[in-house]
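Q: Next input, structure requested:
(3 chains)
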Amino acid sequence: MQNSILDSLNPAQRAGVEATHGPVLVIAGAGSGKTRMLTARIAHLMADKGVPGQHILAVTFTNKAAAEMRERVTRALGLDPEALTPPPFFASSAAMFSQPTIGTFHAVCARILRREIERTPFTKQFVIYDDSDQLSLVKDCFSRLGLSDKAFSPKSFQWAINSAKCSALEPHEMPAEGYDYFAKNLAKIYALYQQELFKANAVDFGEMITLTYRMLRDNADLLAKYRKLFQFIHVDEYQDTNRAQYLLVKLLAAGHRNICVVGDEDQSIYKWRGADIRNILDFEKDYPEARVVKLEQNYRSTKNIIGASSKLISNNTERKAKTLWTGNEAGSLIRRFQVSDERAEAELVVGKLKQACESEGFSFNDVAVFYRTNAQSRVFEDILRRERAPYKIVGGLRFYDRKEIKDVMAYFRVLVNPEDSVSFARVINVPQRGIGKTTVDKIDEVAVARGLTFEAAMYQAAQGQGGALSAAPRKKISEFLALIADLRGLLATKTLSEFYHELLDRTRYVQELKVENTEESAARIENLQELSSTITEFESGAGAEERPALETLPVFLENVALVGERAEEDQGVAGSVSLMTLHMSKGLEFPLVFMVGMEEGLFPSVRGDDGGSDEDIEEERRLCYVGMTRAMKQLYMSHAVCRRLYGNILYNEPARFFGEIPGEFIEFKDLARFNRGGVSGYARDEGDDDGAECSYSHAPVGPASALGAGSSQIGRPGGSQIGRRVRHSVYGEGVIRGVEGGSSDAAKVTVEFSGRMTKKFILKFANLEYLS
DNA sequence: TAGCTTGTATTTTTT
DNA sequence: ATACAAGCTA
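A: Residues are numbered from 1 along each chain as shown, chains lettered A, B, ... in the order given. The predicted structure is shown next:
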């Protein structure tokens, strides 16, 4: 019995599994079987060490990772497939944590909060605000404070608030020094935002973590209870934890110190959303007695891919020494291509992948295209469609982010939580019922002036109190309130599915869409039907077919907020090519990978005027490392000489990363016939004829070539390059002497006019006319 | 109030 | 290029 779990492991994995007590740091290189190790560890604890399941906690970052872990633990233990599926929230309190708790940080916190919410300022009807709800609330606070300044957008404050929450900072802890307008107002707006959250009885994603943390920190009895419950703690992707998550885990583990964290600092690519790489780098400082296990054998990729990516990542300084190796075959060389523009790039990629699928034994399912920004996907979609190659975009617009779905969810939430002002504002005029902005503003005024919830303010406004609302809008609001009251009444008698149809009917939502009668409205109706089946599915999954919506709806809402979309099954036998950003690729693997748009400025992306700090570049390099190590058999990397992005044309240098990959791992072909003048005349190469491609042993690399620093940015056909003649509306004719600044916004050109007068312009505003 | 026009911003994304 | 939001007129 003992052997069946341990046998399939290599010595390092086994060491991680058997170190059951005390702190353990597992440095898990890409493709080194970390999930296998983690699941074996949990199974080992339960089956061999006799640890009751409920004492085990494993936190992940995504639902997908949690589901996979659950499934694999189930299999390792030979349990019933559903055995570890967490019971729905309306299950008895005792059942809530009767199994190993395997879930995302947010799901685990939600469970704890649902159970202990009376220890917080919120009530049990609390709802979870997503990103856009949050932004609406920030906007409210924004205008309430009279911050109409154009200098800072509500979005930037939303971002700053979330950063603060990631760092577990409360409003009063915000540095409020007076110089900076932004900093000065941040503390204020953050404080107001928190107050409004509380009033709306809503919790945002960041708050779920910090609220749980503060609740446990401040309630000794609760802390003791959960320390006793979670005696063996596991954290996956530890390099991605933010400060708040770090504090929470540390707090829970402080007694028994049975904490096993697994991660890879080389795959830390979420600094921009609060991940703190120091959490993993300093683990041994937090737990000096920690055992450190390194998983260095890669089971995924060829020797060439491992060799190349290892060399690349060794250019980073913020990392622990680690040597990834593989027993796999050498495989073919990585193939690097230079093409003339993004269209040629797409043609090349699609040509190569079709060939691979038609004659090299790959299937479309095996193929992935990774890009740095979503905007790059379009060309690939065009060409793939034209060539009739099936594809899917991974991580595009999510189902629950669609307008119509969000509208319905807002109705749902308003019914469950009457204090939810954001959702009220969303649905009050959807479908249009003649309640416009002015009316809503007036209700808002009433709410603020009298300290009422939005709904209470509506009641008062409808009765003509406190506001200058005339008869017509008052009547409309009364009707709306009656609708809400009716719907609430139905919750007790209908099942959720029945109720959903009543809601669509009584709000006339679908009817209005039918009247629109456009392609778009038809798609929306279809989505609403999709939601109907999702609800039915949810009901049967939760065993709630018979329960009234009153009970089911809150659970459904929670599920939607935390789990979101269920993974869509692959359509078609042949499968489809996956298109995604490099960030989305983390954790996945594909036999054949194309990394595209590998150009300075785009990838590595350089933003800000510092031209990209070392830290930023290191994160971009990790992103490159993540992308490369997704490839199992064959890896293509490409860059274009010239690229259209956001309506202007960029001439970018090849990514510096090419200079960091030794020639023994990579071959280079130039399909662009690089033309100095930037004038047209690139060879139109359909791709496969090797005879027509020029190969270089010394391939051009990085930002250090003919154009000088970084990349150049161009505003018109032809483009601005050093030496180019231009006309300026004020200064007349001149010659471009310098180009700097990679990002399209900050790009500057130096132009020399007659009489050796030189002027520097921000290209965006210069409005230069290009002369031949 | 609502539709239209103009302006502006536009890495990366989970929960 | 483009999408989305704020501002302006019917």
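Q: what's the longest helix in chain A?
A: Under DSSP state H, the helix in chain A containing the largest number of residues is helix A:519-541.
Q: Tell me what angle the next helix-or-strand element following that one forms with helix A:519-541.
A: For helix A:519-541, the following helix or strand on the C-terminal side (DSSP states H and E) is helix A:549-563. In terms of direction (axes from the mean of the first three to the mean of the last three Cα atoms, to 10 degrees), helix A:549-563 departs from helix A:519-541 by 110 degrees.
Q: Whichever helix or strand comes after helix A:549-563 vs DNA strand B: in contact?
A: Using DSSP H and E, the next helix or strand after helix A:549-563 towards the C-terminus is strand A:577-581. Yes. Using Cβ under 7 Å from any atom of the strand, strand A:577-581 reaches DNA strand B at A:580, A:581. Glycine gets a C-beta too; all of them are placed from N, C-alpha and C.
Q: Tell me which other helices or strands the following helix or strand past strand A:577-581 touches.
A: The helix or strand immediately downstream of strand A:577-581 is strand A:590-595, counting by DSSP H and E. Helices and strands touching strand A:590-595, by 3 or more Cβ pairs under 8 Å, 6 or more residues apart in numbering; DSSP states H and E, are helix A:342-359, strand A:367-371, helix A:614-628, strand A:631-640.
Q: Could I get the CA-only coordinates of the longest one as CSV?
A: These are the backbone C-alpha positions of helix A:342-359, laid out as CSV (Å, rounded to 0.1, in the frame of the first residue of the first chain):
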residue,chain,number,x,y,z
GLU,A,342,2.7,40.6,-38.6
ARG,A,343,0.7,39.2,-41.5
ALA,A,344,3.7,37.4,-42.9
GLU,A,345,4.2,36.1,-39.4
ALA,A,346,0.7,34.6,-39.2
GLU,A,347,1.1,33.1,-42.7
LEU,A,348,4.3,31.5,-41.6
VAL,A,349,2.9,30.1,-38.4
VAL,A,350,-0.2,28.8,-40.0
GLY,A,351,1.7,27.3,-42.9
LYS,A,352,4.1,25.5,-40.5
LEU,A,353,1.4,24.2,-38.3
LYS,A,354,-0.7,22.9,-41.1
GLN,A,355,2.3,21.2,-42.5
ALA,A,356,3.0,19.7,-39.0
CYS,A,357,-0.5,18.4,-38.7
GLU,A,358,-0.7,17.1,-42.3
SER,A,359,2.6,15.4,-42.6
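Q: That one - contacts with which helices or strands?
A: On a contact count with 3+ Cβ pairs under 8 Å, 6+ apart, helix A:342-359 meets strand A:334-339, strand A:367-371, helix A:377-386, strand A:590-595, strand A:631-640.
Q: Could you list the residues in contact with it?
A: By Cβ atoms under 8 Å, 6 or more residues apart in numbering, the residues outside helix A:342-359 that reach it are A:337, A:339, A:362-364, A:366-367, A:369, A:376, A:379-380, A:382-384, A:387, A:389, A:577, A:592, A:594, A:596-597, A:634, A:636, A:638-640, A:643-644, A:671-672, A:682, A:684-688.
Q: repeat for the third one
A: Contacts with helix A:614-628, where a contact means Cβ under 8 Å, 6+ apart, come from A:30, A:266-269, A:271-272, A:305, A:308-309, A:312-313, A:315-318, A:334, A:370, A:372, A:582-583, A:585-586, A:593, A:595, A:598, A:603-608, A:612, A:635, A:655, A:657, A:660.
Q: can we see that at 7 Å?
A: Applying Cβ atoms under 7 Å, 6 or more residues apart in numbering, the contact partners of helix A:614-628 are A:266-269, A:271, A:305, A:308-309, A:312-313, A:315-316, A:318, A:370, A:582, A:585-586, A:595, A:603-605, A:635, A:657.
Q: Can you select the buried ones among those for me in PyMOL?
A: Burial among the contacts of helix A:614-628 is assessed by 16 or more other Cβ atoms under 10 Å; the matching PyMOL selection reads:
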select buried, chain A and resi 266+267+268+269+271+305+308+309+312+313+316+370+582+585+586+595+603+604+605+635+657
